[in-house]
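Student: All I have is the shape, not the residue letters:
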């Protein structure tokens, strides 16, 4: 039985870091999946999580559905908002979960990205996030960077990058 | 999604031209769940899904939509298709989960998302009111339009043991 979902790289923050980059992604897979668990020292209860590809923050657009525990709304922007992190005022020890799926990442089409992200806070406000990101660039993806909108990624945050083969 | 040797490709399809339907048939009954991953474009902006080639009005769905400025939720009942989405400009990322697809005692509930950053995205739960095991999945273009070249779909099987 084929092993079609393979760990390519991982990172665990041993201290505070401004961003995390996983580079030298081989082009031998069909799709890639990024699983992130994180907390930041920016924002308040929530802090946007931005994806950049191949070192570029240009040519991104996104549309997302976001619930806060009291309201739900849709937002858009010309940034790579791929999730939401726990922020400064989140309950201690709470970490967000984000799953990002990028099909055909090594192809020559623009890259469509699916993301699901959640925080929980045992408080008045936490977030559920469903997002679509488009990177209008035909280059094969060779590196992925996750950066919080404000502040830095905190210790014990983790990121795992998997490759998926369709054969 | 869990990593491991049980995430196995059953079949994959890449459209090299415009097609009306993508069919995954003879799906083996040896897995616990199915996952269908798509990156799809459609000339009509609408794609539907049926299982076991059934067009009977036994489908229903409840879904949320968002387009960057507004959000909504709606539902359909006694429909003839499971999901409707699609986009003609960029590839829409579709992820469908068919849990316990091979059992012959319960109706089949399907969890799915169809996401695109330049149009409307959907997160939905679908129901097929049949106790039959799922042996075929059809993705088709609605209203006689076409699924466009470059579209890819891959069906994976997940075994619990």
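Tutor: Structure received. These numbers were taken from a predicted model, which means no experiment stands behind them.

Student: Residue B:70 - nearest residue in space that isn't next to it in sequence?
Tutor: residue A:74 (5.7 Å; Cβ to Cβ, 6 or more residues apart in numbering or on different chains). Heads up, the C-betas are built off the backbone N, CA and C, glycines and all.

Student: helix or strand right after the helix or strand where that neighbour lies?
Tutor: Following DSSP states H and E, one finds residue A:74 within strand A:72-77. Going down the chain from strand A:72-77, the next helix or strand is strand A:81-86, by DSSP H and E.

Student: so what secondary structure elements neighbour that next one?
Tutor: Packed against strand A:81-86, as judged by 3 or more Cβ pairs under 8 Å, 6 or more residues apart in numbering or on different chains; DSSP states H and E, are the following elements: strand A:31-38, strand A:46-53, strand A:60-67, strand A:96-103, strand A:111-118, strand A:128-135.

Student: Give me the residues contacting that strand.
Tutor: Residues outside strand A:81-86 that contact it (Cβ atoms under 8 Å, 6 or more residues apart in numbering or on different chains): A:36, A:38-40, A:43, A:45-51, A:62, A:64, A:66, A:75, A:94-96, A:98, A:100, A:113, A:115-119, A:121, A:127, A:129, A:131, A:133, A:146, A:148, A:153.

Student: Name whatever forms a beta bridge with residue B:93.
Tutor: residue B:39, residue B:115 (DSSP bridges).

Student: So it is in contact with residue A:110, correct?
Tutor: No - checked against Cβ atoms under 8 Å, the pair residue B:93 and residue A:110 is beyond contact range at 11.8 Å.

Student: If you count surrounding residues, which of these two has more?
Tutor: Counted by other Cβ atoms under 10 Å in any protein chain shown, residue B:93 and residue A:110 do not tie: residue B:93 has more neighbours, with 28 against 16.

Student: what separates that one from residue B:151, distance-wise?
Tutor: 12 Å (Cβ to Cβ, to the nearest Å).

Student: what residues are shared contacts of those two?
Tutor: With Cβ under 8 Å, 6+ apart, residue B:93 and residue B:151 have common neighbours B:38, B:39.

Student: Name the nearest residue to the residue of chain A found nearest chain B, ignoring sequence neighbours.
Tutor: For chain A and chain B, the shortest gap (Cβ to the nearest Cβ) falls at residue A:76, measuring 2.9 Å. Once flanking residues are discounted, residue A:76 sits nearest to residue B:68: 2.9 Å by Cβ to Cβ, 6+ apart.

Student: my guess is residue B:16 meets residue B:151, correct?
Tutor: No - under the criterion of Cβ under 8 Å, residue B:16 is not in contact with residue B:151, lying 9.7 Å apart.

Student: More neighbours: those two, which one.
Tutor: residue B:151 (24 against 9).

Student: any idea how far residue A:147 is from that one?
Tutor: Counting by Cβ to Cβ, the gap from residue B:151 to residue A:147 is 32 Å.

Student: Can you pull the residues of chain B lying near chain A?
Tutor: B:1, B:3-9, B:12, B:37-39, B:64, B:66-71, B:90-93, B:95, B:113, B:115-118, B:121, B:123, B:150, B:152, B:154, B:156 (Cβ under 8 Å from any Cβ of the partner chain).

Student: Doesn't residue B:143 belong to a helix?
Tutor: Yes - assessed by DSSP: H, G, I helix; E, B strand; the rest coil, residue B:143 belongs to a helix.

Student: Quick check: which element contains the closest residue to it other than its chain neighbours?
Tutor: Excluding the flanking residues, the one nearest residue B:143 by Cβ to Cβ, 6+ apart is residue B:44, at 5.5 Å. Residue B:44 is part of no helix or strand when elements are defined by DSSP H and E.

Student: so who does residue B:44 touch?
Tutor: B:86, B:88, B:141, B:142, B:143, B:144, B:145, B:146.

Student: Residue B:104 and residue B:53, how far apart?
Tutor: 17 Å.

Student: more crowded one of those two?
Tutor: Taking neighbours as other Cβ under 10 Å, residue B:104 and residue B:53 compare with residue B:53 leading, 12 against 9.

Student: shouldn't the more buried one be in contact with residue B:134?
Tutor: No - at 11.0 Å, residue B:53 does not count as touching residue B:134 under the criterion of Cβ under 8 Å.

Student: who touches the residue of chain B found nearest chain A in this structure?
Tutor: Closest residue of chain B to chain A, Cβ to the nearest Cβ: residue B:68 (2.9 Å). Counting by Cβ under 8 Å, 6+ apart, residue B:68 touches A:62, A:63, A:64, A:74, A:75, A:76.

Student: If we use 6 Å, what do you get?
Tutor: With contacts defined as Cβ atoms under 6 Å, 6 or more residues apart in numbering or on different chains, residue B:68 is in contact with A:63, A:74, A:76.

Student: Can you read off the pLDDT for it?
Tutor: For residue B:68, the pLDDT comes out at 97.

Student: tell me the secondary structure for it?
Tutor: Residue B:68 - assigned by three-state DSSP - is coil.

Student: Would you mind listing where chain B has pLDDT under the threshold?
Tutor: For chain B, the stretches with pLDDT under 70 are B:1-6.

Student: Give me the neighbour count for the nearest residue to residue B:46 once chain neighbours are set aside.
Tutor: Closest residue to residue B:46 apart from its sequence neighbours, by Cβ to Cβ, 6+ apart: residue B:142 at 4.0 Å. Neighbours of residue B:142 under the rule other Cβ under 10 Å: 15.
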